[in-house]
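Provided below for reference: sequence and predicted model.
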Amino acid sequence: MNKNLNNILNDYIKHKKEDKNRFSQLDKALKQKAQSHYLDELRKEKLIHDAKKQAENNKLITIKSLAKDYLEKAKHHIQQIKEKIKDILSIKNSTSSKKERINVFSFFKLSHKNLNKKIPIFAGIAVLVISLGIFSKMMIEDMTAYKVYFNGEEIGIVKNKDTVFHLVDIIEDKLDIAYSADIIIHKDNIKFEQVKEFGIEVTPDDELLSYFTYFQNLEAKSYCLYIEGEPLVNFSSKKEIEQLLEDVQEVYIDSDNDHIKYEEVSFLENIDVREEETVLASLNNFDYMLDYILKGTTEERKHKVKKGENYWTIAEKYNITPEELEAANPKIKPERLQIGQEISLIVPKPLLTVVTKEKVTYFEKIPYEIAYENTAALYKGENNIKLRGKKGEKEILAEVERHNGIEVTREEIESKTIKEPVTQVVLVGTKDPPPLIGTGSFDNPARGRLTSKFGYRWGRMHTGIDIAASIGTTIRASDGGVVTFAGWKGNYGLTVIIDHGQNKSTLYGHCNKVHVKKGDKVYKGQKIADVGNTGRSTGPHVHFEVRVSDKPQNPLNYVSY
C-alpha cells in the first residue's frame, strides 16, 4: 500500500468529524422537533377519543335532565301520599265501631281501585332513586383522580388510568422513529395513587408527553460493541455496529489498487456485540464514535507557527519527535511551513487494529553487475565507464500482512524476470602517473569555450578566465602539486586551490562537485572537480586563475583557448 496511511485516515474522517457541543445542540433540536411532532400526532389520534368522550358526556347530561324532571314529579306525588296518610291517622277509635271500620275499609278499597292511577307515583320514586345513585356516582367520579408515578417519580395527575397507558402506546412508537431506537417504557414502572377532593386539576396530555420526550432515563434496546471484554460503543441497531466496523476497515483498504487482492480483513482485538437494555441518553453518535475509534482521542491540540520555527523546534517544545509531528500532519510539507499556519499536535492512535492479509503484485529492480577492464590510456587510480550498466526488472507476487496499513510480514510466493540487467563495464587505468609536483608548465583545466578573459570587466578586475562547459564536465589539475584549499569560497562557490611550488598556484571556481581535499597530492591532469554553477555565476563554467607569489596573472600566458 503506497499511500500515506495517516493521509488516508485523515481524508476518510475529514467529513465525519463532529464537535461534542454541536452534537448536544442537534440532539436537543431533534427532541424539540420530535415533541412538536408527537403533539400533532397525539392531537390527531385524540380526536376520535375526545369525540367518544363528548358523546358519553352528552348522555350523562340527558340523564341528569330526566332525573331532575322525575324528581320534581316524585316530590309532588310524595306530598299527596303524606296527606292521605295523615287523613288515615286522624281517624279516631278505628276499632271501636263497625261503621268506622267500614269507612276505613272503604278508604283502602277506594285506594285499591285507584291503584292503577298511582303507578306513575311509584315510577317517579324509582327514577328518583336511580337518579340519586347516578348523581352520587358522578359526584364521586368528579372528586376522584390519580397521581401518576414513573420510576418512583411523580409526573402528573389524571382522571383515568387508561389515559396514561394510551399516551405511552402512542409516544413509544413516535420515539422509536425519532431516535431510530427501540424505546422501552415499562408499564410496570407506572404506578397510581388515588386521591379524592373537590377541584382537582389534572395534568394536560401535552405536559405528560413533554415529560416522556425529555426524560433522559427512558430505556431503549441497544447493541453494545465490546473490545477485549470492555464496552466501547452503544448503538440502537446491530446494523449500525456492523457499518461502524466496516467503515473502520475501509480506511486501511486500498480498493483503487489493482495490484492488491485482499484474502482476509479482520481485527486483531477480540470483538463481541451484545444486545442489551440501556438508557436513551447513553446511545452514541455514529460519526463521533467513528472519529474516536480511528484517532483514539477526541482531543484537539494545535500550534500556530511563529517566525523562525521548524518541525525540529516545535517537536522539541512539545516533547514529541519530528516524525510524530509529520504523522499528525500528513498533508503539510515541513520545508514549506508558513508563519501563522496551524498544525496538529495529536498523533492518531486507533483503538482497533485492522489486519489485512493480501496478495500483492509489484515490480522490483534487478541490480546490474560491474565488470572491470584495464587500460593504459588512464593513469593508475583513474577509471572511466566504458559501458553504462542498466538495471533489470522482475515481477513479484507476495503475501503481505499489514496492521492498520503498516506492513508486518512479507513472503514472496513467485517471481519472474521481465527485463534482464545490463552489465556495466569500467575501464581501470594502468599507466604510471606523472610526479606529484609541479612541472612548471600548465595544461588546460577543462574542455570548453572561453567566454571571459583576464582584465577589467564591468568596471572591476576579472582575475582569471571563464571556460563555459556543461555541468558535470571534468576539471583536471593544470599541473601537479598539493591541494591547499577545497570547499566553499564566497563568490567563487565550490573552489579548489593547488600549490605547484616555485611560488605558483592555480584556482578552480564555481565547481559543482569537488573530488579532492586539503592536503592531497595531485598529479598533472588528475580529475579534481566537476564544472558547476555555484557562487556568483551567470551560467555553468569554471573560473580558472594562475597566481605567482599570490598575484593574479593572465592565464592565457600559460594555457591556450
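Noted; the coordinates are in hand. Numbering: from 1, shown residues only.

which parts of the stretch 151-300 of the chain are helices?
Using DSSP state H, counting those that start in this stretch, the helices found in the stretch 151-300 of the chain span residues 161-179, 205-214, 238-251, 286-295.

most tightly packed of the ones you listed?
helix 286-295 (a mean of 19; mean count of other Cβ atoms under 10 Å). C-beta here means a position set from N, CA and C on the backbone, and glycine is covered the same way.

continuing past that one, what's the next helix or strand?
Next along the chain after helix 286-295, taking DSSP states H and E as the criterion, comes strand 302-304.

which residues in this structure form helices?
For the chain, the helices defined by DSSP state H cover 5-13, 20-89, 98-113, 115-143, 161-179, 205-214, 238-251, 286-295, 311-317, 322-328.

and the ones you listed, which one averages the lowest pLDDT?
In terms of average pLDDT, helix 98-113 trails the rest of the helices of the chain, at a mean of 44.

do I have it right that residue 377 meets residue 383?
No. Using Cβ atoms under 8 Å, residue 377 is not in contact with residue 383, being 11.2 Å away.

overlap in contacts, the two.
Residues touching both residue 377 and residue 383 (Cβ atoms under 8 Å, 6 or more residues apart in numbering): 427, 429.

out of these two, which sits in the more crowded spot?
Here residue 377 and residue 383 are compared on neighbour count by other Cβ atoms under 10 Å; more neighbours surround residue 383, at 15 against 10.

which ones are touching that one?
Residue 383 makes contacts with 372, 426, 427, 428, 429, as judged by Cβ under 8 Å, 6+ apart.

can you give me the strands for the stretch 301-450 of the chain?
302-304, 342-344, 354-366, 370-379, 383-387, 392-403, 406-419, 424-431, 449-452 (DSSP state E, counting those that start in this stretch).

tell me which of the ones you listed lies nearest to residue 204.
Counting by Cβ to Cβ, residue 204 lies closest to strand 302-304 out of the strands of the stretch 301-450 of the chain; the figure is 50.1 Å.

average model confidence for that closest one?
92.

just stretch 362-370 next, same as before
95.

and stretch 382-389, average pLDDT?
Mean predicted lDDT for stretch 382-389 stands at 91.

tabulate the CA atom coordinates of that stretch in CSV.
Below are the C-alpha coordinates for stretch 382-389, written out as CSV (Å, rounded to 0.1, in the frame of the first residue of the first chain):
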residue,chain,number,x,y,z
GLU,A,382,41.7,6.6,-12.5
ASN,A,383,38.8,4.9,-14.0
ASN,A,384,36.2,5.6,-16.7
ILE,A,385,32.9,4.0,-17.6
LYS,A,386,33.1,2.2,-21.0
LEU,A,387,29.5,0.8,-21.0
ARG,A,388,26.9,2.1,-18.6
GLY,A,389,25.0,-0.6,-16.8
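
in it, which residues are buried?
With burial defined by 16 or more other Cβ atoms under 10 Å, the residues of stretch 382-389 counted as buried are 382, 389.

buried among the contacts of residue 383? Need that as a selection in PyMOL.
Listed next is the PyMOL selection for buried residues among the contacts of residue 383, using 16+ other Cβ under 10 Å:
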select buried, resi 426+427+429
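
between the contacts of residue 383, which sits nearest residue 144?
Within the contacts of residue 383, the smallest distance to residue 144 is 112.5 Å, found for residue 426 (Cβ to Cβ).

give the contact list for the closest one.
Applying Cβ under 8 Å, 6+ apart to residue 426 gives the contacts 370, 371, 372, 373, 383, 384, 385, 386.

beta partners for it?
residue 372, residue 385 (DSSP bridges).

what about the nearest residue to residue 482 once chain neighbours are set aside, how many neighbours?
Counting by Cβ to Cβ, 6 or more residues apart in numbering, residue 482 lies nearest to residue 499, which is 5.1 Å off, once chain neighbours are set aside. By other Cβ under 10 Å, 16 other residues sit near residue 499.

partners of residue 499 in the sheet?
residue 482, residue 505.

what about it, distance to residue 485?
Look at residue 499 and residue 485: by Cβ to Cβ, to the nearest Å, they are 9 Å apart.

ok, now residue 555?
Distance, residue 555 to residue 485, by Cβ to Cβ: 18 Å.

who has more neighbours, the two?
residue 555 (27 against 16).

now, among the contacts of residue 383, which is nearest to residue 267?
Among the contacts of residue 383, residue 426 lies closest to residue 267 (Cβ to Cβ), at 54.1 Å.

any idea how far residue 420 is from the closest one?
Noted for residue 426: a distance of 20 Å to residue 420, by Cβ to Cβ.

how about residue 523?
Using Cβ to Cβ, residue 523 is found at 40 Å from residue 420.

and if you look at residue 328?
Distance, residue 328 to residue 420, by Cβ to Cβ: 45 Å.

start and end of stretch 279-289, how far apart?
Start-to-end span of stretch 279-289 (Cα to Cα, to the nearest Å) is 18 Å.

buried ones in stretch 297-314?
Neighbour-count burial for stretch 297-314 [16+ other Cβ under 10 Å]: 303, 305, 309, 311, 314.

hmm, I was thinking of stretch 271-286
For stretch 271-286, by 16+ other Cβ under 10 Å, it's 278, 280, 283, 284, 285, 286.

ok, so of these, who is nearest residue 396?
Checking the buried residues of stretch 271-286 one by one against residue 396 (Cβ to Cβ), the nearest turns out to be residue 286, at 40.5 Å.

which one is residue 168 nearest to, not counting chain neighbours?
Of all residues not flanking residue 168 in the chain, residue 185 sits nearest, at 5.2 Å (Cβ to Cβ, 6+ apart).

near that neighbour, how many other residues are there?
Around residue 185 there are 19 other residues, counting by other Cβ under 10 Å.

my read: it touches residue 220, true?
No. Applying Cβ under 8 Å as the test, residue 185 and residue 220 come out as separate, 9.7 Å apart.

right, and residue 470 touches residue 540 too?
Yes. The criterion here is Cβ under 8 Å, and residue 470 meets it with residue 540 at 6.2 Å.

who has more neighbours out of these two?
Neighbour count, other Cβ under 10 Å: between residue 470 and residue 540, residue 540 has more, with 19 against 11.

what's near enough to touch that one?
So residue 540 contacts 468, 469, 470, 471, 510, 512, 531, 532, 533 (Cβ under 8 Å, 6+ apart).

got a ChimeraX select line for the buried ones in those residues?
Command for ChimeraX, covering only those of these found buried under the criterion 16+ other Cβ under 10 Å:
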select :468,469,510,512,531,532
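
let me have the contacts of residue 540 in CSV, extended by pLDDT.
Putting the contacts of residue 540 into CSV (pLDDT from 0 to 100) gives the following:
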residue, pLDDT
468, 96
469, 96
470, 95
471, 96
510, 97
512, 96
531, 97
532, 96
533, 95
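
from the contacts of residue 540, which land in strands?
Within these, residues falling in strands by DSSP state E are 468, 510, 512, 531.

possible to save the residues you listed as JSON lines with distance to residue 240?
Conversion of the ones in strands among the contacts of residue 540 to JSON lines gives the following (distance: Cβ to Cβ, whole Å):
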{"residue": "468", "distance to residue 240": "72"}
{"residue": "510", "distance to residue 240": "68"}
{"residue": "512", "distance to residue 240": "63"}
{"residue": "531", "distance to residue 240": "68"}
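
many thanks, we can stop here.
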